[in-house]
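# dropping a prediction and its sequence here:
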Amino acid sequence: MQSDIHPSIVDSLDDAVVVTDGGRVVVAWNAAMERLTSRISADAIGRPADEVLAALSHTVWSQPLSRALAGERGTGSAVFVQPVEGADAPGAVLVLRDVTEEHKRALFMRALETVGRSLTSSLELEQVLDTIADKTREVMGADSAMVAAWDGRAEKLTILRATGRLTADYAPSGIPVAGGPVSTAAKEGRPVTTSDILADPRWQLDTVRRRHIAREGFKAVAAAPLMVNGVVRGTLAVHQWTTRTFTDDEMALLMVLAEQAALALENARLYADARRRGDRLRELAHLERMVGASLDPDAVLRAIAAAAARLVGADIVQVWIADPTLPLLRLRASSASSDLPSVPETIPFGEGITGRTVVQKAPIYVADVTREPRAFSAEWAKQSGIQRLLTVPMMSGDDVLGVVTVRSRSDSLASEEDRALITTLASQAAMAVQNANAYADAVARGARLQALASVTRSITESLDTADVIRRIVDAAAAMRPGALAAVHAIEPEHGIMHVTASPEMSTLPLQRPIHAGLPGLVAQERRAVLVPEPLRDASTLSSGRARRTTACRSWSATRSWGCSTSSSPRACRIARSRRR
């Protein structure tokens, strides 16, 4: 028989392997077999297996070879090999595992060396997990090995890596911190073993866990805690699909491996944290540059919402801006995807958790919105499954400019680091709003100065008094959106004043006594007058008609009158602003 097993494959195996043809003649002999028999492959290949294996116990290899060559399958350490094209007979592969203490020590030391190298050579978590799981399974001679993480508070351990016979369907949502050997090792910080988990009365497993274990088929379990500076970070566990009692020496090996694994994982975790913080700092620096350079507040706020969602792993981040005149928050930016339920566009101050943030001027964290009776979004949280909520005010001095709302399914919002990050982003959002307001004010001031310059030119250039007055009225009305203006000319010889230019105020009295109302007050005192609440000031309501038209046309809460004397000694100006 010519073996179709490539020599490099045989040599790569840690176990001792010999391949024979149908006549029990050796056709392949690996390095591990050389160490086991002290016979090099050149002396073994082409010779009868009975001769070259004579130094080993007859029962270890003779009967398994005979059964394998007879076609039996799954009965021992040798397996039947189908004949390849051109061969006269089938053959067999015999695998012998060295179980001597010397071999186990050598295997263990190689595993420790490999795991130890991962402490310094690799800071990538995925590579470290692969090394730990593979070497643990090899040293312990187990069917599978598993690394699980735990933060000391969660209700479940998270499986980080599983190798061997464990399937991906085993505990996909994690291992409950209940009464099993793996969770007990984590909770109590000690090694735990069982020879048959389902038959062992010590473990209080619920029906679902028993069903999962029975479906997988493993029996024996050994677990050791992953501890760093006395703090349990998870467990390292091995599984066997047959009943097995783990010896004290084996558990000592597992504990040493767990110590090395914990250090490797801690290094990888610290590296990942440092890299994450570096990413966050770069993101914050980018946003800071954007805030300082952009005059588009909506683009900045959208970028902040997207960055916050990405950096803390949130499901949705919303930026609410305070209305300048009404006690309302208006939704300005959101990172929400289209498959999430819609949210209201406005929230009154003091209402719900987001609205309360304006009043309290401090962050609010709610672990489960569905259980918060004062939450507006309890039903939304039930529909979306996003229950955790963090709200942070956007402050400018003692003023609240808005609120950043973060919603997440994960518990990351409970960490101080993530809260500090959201607070920083909220500060950047407040700065973006301030910059936008400052720019808008600058534009408005520029427009006013331009209008004033235009009026000044018209006064010096035009001989048409009506045209000049009309321009003055237009400039005054343009000072604020929705403002109205009028010019009242005084006729002292008749003791009256009348409106000479007011295109938008046709309902005002066209003529009134010289000292009536706010125009009369300005004329009498010869100074600018501000009346914060005109509906309560008698000087602005001099006649029944004025009272009726003014109240009906313009004023609910917080409306104001502003007035200053004009450049003409016989005229004064009255401006009414309607703040929205």
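Right, received. Where do you want to start? From a predicted model like this one, the values you see are computed outputs, not experimental measurements.
# going forward, measure contacts and count neighbours with C-alpha atoms only.
OK.
# which ones are touching the residue nearest to Lys361 when sequence neighbours are not counted?
Once flanking residues are discounted, Lys361 sits nearest to Pro393: 6.1 Å by C-alpha to C-alpha, 6 or more residues apart in numbering. For Pro393, the contact set (C-alpha atoms under 8 Å, 6 or more residues apart in numbering) comprises 357-358, 361-363, 400-404, 423, 426.
# looking at those, which are in helices?
Mapping those onto helices (DSSP state H) picks out 357-358, 423, 426.
# on that earlier part again, show the buried residues in the contacts of Pro393.
Buried by 16 or more other C-alpha atoms under 10 Å: 357-358, 361, 363, 400-404, 423, 426, out of the contacts of Pro393.
# re the thing from before, Leu484 versus the residue nearest to Lys361, what's the distance?
36 Å (C-alpha to C-alpha, to the nearest Å).
# also Thr235?
75 Å.
# tell me which of the two has more neighbours.
More neighbours surround Thr235 than the other of Thr235 and Leu484, with 30 against 22 (other C-alpha atoms under 10 Å).
# grab the nearest non-local neighbour of the more buried one.
The shortest distance from Thr235 to any non-neighbouring residue, by C-alpha to C-alpha, 6+ apart, is to Pro225 (4.4 Å).
# what is the burial count for that neighbour?
For Pro225, the count of nearby residues is 32 (other C-alpha under 10 Å).
# in three-state terms, label it for me.
Reduced to three states with DSSP: H, G, I helix; E, B strand; the rest coil, the structure at Pro225 is strand.
# does it touch Ser183 like I think?
No - using C-alpha atoms under 8 Å, Pro225 and Ser183 do not qualify as a contacting pair, with a distance of 9.2 Å.
# so what sits against both of the two?
Listed as contacting both Pro225 and Ser183 by C-alpha under 8 Å, 6+ apart are Thr235.
# how about the closest residue to Ala426 other than its chain neighbours, what does it touch?
Excluding its sequence neighbours, the residue lying closest to Ala426 (C-alpha to C-alpha, 6+ apart) is Met394, at 5.1 Å. By C-alpha under 8 Å, 6+ apart, the residues touching Met394 are 400-404, 426-427, 429-430.
# quick one: the strands in the stretch 301-450 of the chain, in order.
For the stretch 301-450 of the chain, the strands defined by DSSP state E, counting those that start in this stretch occupy 316-322, 328-334, 346-348, 364-366, 388-396, 399-408.
# any idea which element the closest residue in space to Trp241 that isn't next to it in sequence lies in?
Nearest non-adjacent residue to Trp241, counting by C-alpha to C-alpha, 6+ apart: Phe218, 4.0 Å away. Assigned by DSSP states H and E, Phe218 belongs to no helix or strand.
# per-residue pLDDT, Phe218?
For Phe218, the model assigns a pLDDT of 94.
# kindly report the same for Arg67.
So Arg67 comes in at 79 (pLDDT).
# returning to what we had before: and the residue nearest to Ala426, what pLDDT?
Met394 carries a pLDDT value of 92.
# count of residues packed around Ala453?
12.
# tell me the mean pLDDT over the helix or strand hosting it?
Following DSSP H and E, one finds Ala453 within helix 416-461. For helix 416-461, mean pLDDT is 77.
# how about the next helix or strand after that helix, which residues are buried there?
Going down the chain from helix 416-461, the next helix or strand is helix 465-477, by DSSP H and E. Of all the residues in helix 465-477, those buried under the rule 16+ other C-alpha under 10 Å are 468-477.
# and helix 465-477, average pLDDT?
Across helix 465-477, pLDDT averages out at 75.
# off-centre distance for that helix?
Its chain's C-alpha centre and that of helix 465-477 lie 58 Å apart, by C-alpha atoms, centre = their mean, to the nearest Å.
# let me see the contact set for Pro181.
By C-alpha under 8 Å, 6+ apart, the contact list for Pro181 reads 192-194, 203, 221-223.
# that one and Arg244: what is the separation?
For Pro181, the distance to Arg244 equals 15 Å [C-alpha to C-alpha].
# ok, back up a step: how close does the residue nearest to Thr235 get to Ala381?
37 Å.
# same check on Ala362?
22 Å.
# likewise for Thr247?
From Thr247 across to Ala381, the span is 51 Å (C-alpha to C-alpha).
# of these two, who's got more company?
Taking neighbours as other C-alpha under 10 Å, Thr247 and Ala381 compare with Ala381 leading, 21 against 10.
# wait, doesn't that one sit right on Glu372?
No - between Ala381 and Glu372 there is no contact under C-alpha under 8 Å: 10.7 Å.
# low-confidence stretches in the stretch 51-200 of the chain?
Residue ranges of the stretch 51-200 of the chain with pLDDT under 70: 73-124.
# could you redo the last one with a cut-off of 90?
Along the stretch 51-200 of the chain, the parts satisfying pLDDT under 90 run over 52-142, 149-155, 158, 160, 168-174, 178-179.
# tell me which stretches of it form helices.
In the stretch 51-200 of the chain, the helices defined using DSSP state H, counting those that start in this stretch lie at 58-69, 101-121, 125-140, 181-188.
# returning to what we had before: put together a markdown table for the contacts of Met394, with distance to Pro327 on each row.
Output for the contacts of Met394, formatted as a markdown table (distance: C-alpha to C-alpha, whole Å):
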| residue | distance to Pro327 |
| --- | --- |
| Val400 | 11 |
| Leu401 | 11 |
| Gly402 | 11 |
| Val403 | 13 |
| Val404 | 17 |
| Ala426 | 20 |
| Ser427 | 21 |
| Ala429 | 19 |
| Ala430 | 18 |
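# which one among the residues you listed gets closest to Gly22?
Val404 (76.5 Å; C-alpha to C-alpha).
# can you tell me the closest non-neighbouring residue to the closest one?
In this structure, Val404 finds its nearest non-sequential neighbour in Val319, 4.7 Å apart by C-alpha to C-alpha, 6+ apart.
# ok, Glu266 next?
Closest residue to Glu266 apart from its sequence neighbours, by C-alpha to C-alpha, 6+ apart: Val228 at 7.4 Å.
# my read is that the one you found contacts Ala261, right?
No - under the criterion of C-alpha under 8 Å, Val228 is not in contact with Ala261, lying 9.9 Å apart.
# more neighbours: which of these two?
Ranked by neighbour count (other C-alpha under 10 Å), Val228 and Ala261 place Ala261 first, with 30 against 16.
# which element, helix or strand, includes the more buried one?
helix 248-293.
# what's near enough to touch the residue most central in space within the chain?
Centroid check for the chain by C-alpha atoms, centre = their mean gives Gly313 as the closest residue, at 0.9 Å. Residues in contact with Gly313 (C-alpha under 8 Å, 6+ apart) are 408, 410, 412.
# could I get those in a markdown table, plus columns for neighbour count and distance to Val208?
A markdown table is the format used below for the contacts of Gly313 (neighbours: other C-alpha atoms under 10 Å; distance: C-alpha to C-alpha, whole Å):
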| residue | neighbour count | distance to Val208 |
| --- | --- | --- |
| Ser408 | 22 | 28 |
| Ser410 | 15 | 24 |
| Ser412 | 15 | 28 |
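# ok, so of those residues, who is nearest Asp50?
Nearest member of the contacts of Gly313 to Asp50, counting by C-alpha to C-alpha, is Ser410, at 63.4 Å.
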